[in-house]
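Student: Need a 3D model of the following:
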Amino acid sequence: MKYAYPLAPALLAAGLSVPALADHIEEVYVRGVHDTRAIEVSEALVVSPDTAQLLKKAPGANVNSNGPLSGIPQYRGMFGPRVGVLLDGVELAPAGPNWMDPPLSYAAAGQLESLQVYRGIAPVSVVQESIGGAVRAVTAQQGFAQPGEVRSSGHLYATGQTVNQGLQLGGSWMAANDSHRLRLAALTESGDDAEFPGGDILPSEYQRDRFDVAYGYRFGKHSIELAYVHSDTGDTGTAALPMDIDFITGDLASLAYRYESGSWLVEARAFGSDLDHEMTNYHLREAPADGAAWRRNTTDSRNRGFKLAVTHTHRDTEWVFGADGLDATHNSEVDNPNNPAFFVDNFNDVQRQVLGVFVESRRRLAAGLRSEFGLRYNRVDMDADQVDGTPAMMMPPAMALRDAFNSADRSQVDHNVDAVAKLWLDVSNDLTLYAGLARKTRSPAYQERYLWLPLQATGGLADGFNYIGDIDLNPEVAHEVELGLDFSGDRLTLSPRLFYRDVEDFIQGVPADVAPAVMFTNMMGNRGPLQFANVDAVFWGMDMDWRFRLNESFQLRGLVNYVRGERDDVNDDLYRIAPLNASLALDYTATRWGAAVEAIVYAEQDDVSDTNGELPTDGYELVNLTAWWAATPSLRVAAGVDNLFDEEYADHLAGRSRVRGNPALAPGEQLPGLGINGYLRLDYRF
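Tutor: Numbers count the residues shown, from 1 in each chain. Presented below is the predicted three-dimensional model:
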């Protein structure tokens, strides 16, 4: 089954869709048996520089926004490294220990063809670790031409918006014959501090440039593809975190091979990335009055990996066999530009290696009954070199922490097994019932194991606590059940899901009982530290997307999302969980133009984590408008207004301000959502 939800290209920028009546208007597809939501994007569709914001258009998905380029995917309450992200088949570990550069930030929306969210339980073949779900970003690419044919195409786009004087300019050019294909692309984008009804969010400026080149060669039934990306992020604010981005530079490369013959498909990929990052607490935000408190953190991440998958189709069964690996090395050093003698080895040559093998089958068991079964084994090896720092030379508690870390056995090996079973039953041509069971695992992130001195390098948690790690953490093990149905009638389409996930050894910060860590934190004048620990947790809820066609010109559509995350060992809620939310949109389509209005509603969130000191937030309602016009077969124009009534509101997932000196926003205050934002988009294809 394949269902298409056509969208006018300008409308996805505001989260609005209309039926497409022209070939050049992109579509949003619901593929397979409703287990994937593929958000088809073109450069004309995107206003926000943060690609992760598009996830809000998929059921169950949301974003922890720590800055204009630092959106961390959340899916059914889980976020960060628990949600696997693929960038054109490539995995990477961010350079920033606080995830200022989450993996999806390396998938610039202006260069994407689609952003695919795997609905519910992700197949074991997609990514190595997907305990909380999986997302795949796919770059726009031109296929090979027919023999004797040469094809080329180009795309230029420009977007401006008022809320931050943001500007995005970019373009791409692709050419191909039957044996060769070439793609060149570039973009530049920047914005000032964003406005909200009470003032400005300081700092929230951003700047990023990117260049892509890809070359493919086809010979017989074989093809190879070499791709390279250079990304350069400049001054960018992250008000929810203790520092801002000075720079992030990234070089990403991959070499892919594909062979297809009859019932066999072989796909292989080798990839690597070198990522360098520097952040400070003084160059964009108000600097500490005491020069001794200035901090600069210089970090890097080196990723090397591969993936091999062999697919064989025989009658009603498809088998996938594969192996994959990812080797990530991290370094992070904190210093003070006012004091050359000060340093802290935050992370020193930390290594995390994952080697996996998997098998997966998709089969038609009987008339109307289909299945997917998958099994994966991951071996996770982690290690870290010895550390040191000025505090450990001067303060006995820090010295004790350093010595304990350096004398410990830091080498850890985990053996993780994932298993997935899914069934679909076609009750009629319109109705399919679905059930899924899974066991999913995740080994600790390097921050969770190797953070030796109480600091806030926590993968973007942004709760304001200092943390220490625990080398002996166990992997998380989740057992999950999912039930739902997919109905697609002549006018109504809906796809609800109920889910329940029990997580053993969930990794969560708890009050630290390591005496030197508590003493050190007290000496620094901070509240008591947390330590990453294994606890028990449960997640449960429901999500649904739907649409209803009123007539040939009008349709209604919407989303409903609800998730609860709770500790199962103590009476507490889990941290930074999206509240109940829903959207309702009315779309109108004519031959060459269209318009839409959308209402977005978020309930209050008072199921908050006492352990993390989380505060409740109020609910809010927003209204967005958008319109598009296909001026010519090549040129289209889009315009819209987000937050039409300039509502002052706070997104629960946006965190709290860590910035001093902003008269409109005190430190510790919930970061507000953006104010009224008008935008204009021009999109030209040739």
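Student: and the gap between residue 568 and residue 484?
Tutor: As judged by C-beta to C-beta, to the nearest Å, residue 568 and residue 484 stand 24 Å apart. Backbone N, C-alpha and C define where each C-beta goes, glycine included.
Student: who has more neighbours, the two?
Tutor: Per other C-beta atoms under 10 Å, whichever of residue 568 and residue 484 has more neighbours is residue 484, with 21 against 14.
Student: elements contacting the longest strand that the chain contains?
Tutor: Secondary structure of the chain read by DSSP state E shows that its longest strand is strand 339-366. Counting contacts by 3 or more C-beta pairs under 8 Å, 6 or more residues apart in numbering; DSSP states H and E, strand 339-366 is packed against strand 296-314, strand 317-336, strand 369-383, helix 390-394, helix 446-450.
Student: ok, 6 Å please
Tutor: Contacts defined by 3 or more C-beta pairs under 6 Å, 6 or more residues apart in numbering; DSSP states H and E place strand 339-366 against strand 317-336, strand 369-383, helix 446-450.
Student: With adjacent residues omitted, what lies nearest to the residue nearest the centre of the chain?
Tutor: Taking C-alpha atoms, centre = their mean, the centroid of the chain lies closest to residue 73, which sits 3.5 Å from it. Distances taken as C-beta to C-beta, 6 or more residues apart in numbering put residue 83 closest to residue 73, at 4.7 Å, once the chain neighbours are dropped.
Student: I'd guessed the one you found sits against residue 77; true?
Tutor: No - with contact defined as C-beta atoms under 6 Å, residue 83 and residue 77 do not form a contacting pair (10.5 Å).
Student: in the protein, which spans are helices?
Tutor: 390-394, 396-407, 446-450, 515-523 (DSSP state H).
Student: Go through these and name the closest to residue 562.
Tutor: helix 446-450 (28.0 Å; C-beta to C-beta).
Student: Next, count neighbours for residue 616.
Tutor: 12.
Student: whoops, residue 552 was the one
Tutor: The burial count for residue 552: 9, using other C-beta under 10 Å.
Student: Can you give me the neighbour number for the residue nearest to residue 604 when sequence neighbours are not counted?
Tutor: The shortest distance from residue 604 to any non-neighbouring residue, by C-beta to C-beta, 6+ apart, is to residue 619 (4.3 Å). With neighbours defined by other C-beta under 10 Å, the count for residue 619 comes to 15.
Student: what do you get for residue 615?
Tutor: 15.
Student: Is residue 71 bridged to anything, and to what?
Tutor: Beta-bridge partners for residue 71, by DSSP bridges, are residue 65.
Student: ok, it to residue 143 distance?
Tutor: Counting by C-beta to C-beta - residue 71 and residue 143 are separated by 31 Å.
Student: Looking at these two, which is more packed in?
Tutor: Taking other C-beta under 10 Å, residue 71 and residue 143 do not tie; residue 71 has more neighbours (28 against 11).
Student: quick one on the thing from earlier: mean neighbour count added to the helices of the chain, as CSV?
Tutor: Formatted as CSV, the helices of the chain follow (neighbours: other C-beta atoms under 10 Å):
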stretch, mean neighbour count
helix 390-394, 16
helix 396-407, 18
helix 446-450, 25
helix 515-523, 18
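Student: Next, format these as a markdown table and append mean pLDDT and distance to residue 224.
Tutor: What follows is those, written out as a markdown table (pLDDT from 0 to 100; distance: least, C-beta to C-beta, whole Å):
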| stretch | mean pLDDT | distance to residue 224 |
| --- | --- | --- |
| helix 390-394 | 97 | 50 |
| helix 396-407 | 98 | 45 |
| helix 446-450 | 98 | 33 |
| helix 515-523 | 96 | 51 |
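Student: Which one of the ones you listed lies nearest to residue 139?
Tutor: helix 446-450 (28.0 Å).
Student: which non-adjacent residue is nearest the residue with the largest distance to the centre of the chain?
Tutor: Computed with C-alpha atoms, centre = their mean, the residue of the chain farthest from its C-alpha average is residue 148, at 41.4 Å. Distance criterion C-beta to C-beta, 6+ apart; nearest residue to residue 148, sequence neighbours excluded, is residue 178 at 7.3 Å.
Student: Contact partners for residue 335?
Tutor: By C-beta atoms under 6 Å, 6 or more residues apart in numbering, residue 335 lies in contact with 296, 342-343.
Student: switch to 8 Å and redo it
Tutor: Each residue near residue 335 by C-beta atoms under 8 Å, 6 or more residues apart in numbering is listed here: 295-296, 298, 342-344.
Student: Tell me the pLDDT of residue 111.
Tutor: In this model, residue 111 is scored at 83, pLDDT.
Student: try the one 3 residues further on
Tutor: Looking at residue 114, its pLDDT stands at 86.
Student: how close does it get to residue 327?
Tutor: The gap separating residue 114 from residue 327 is 28 Å, by C-beta to C-beta.
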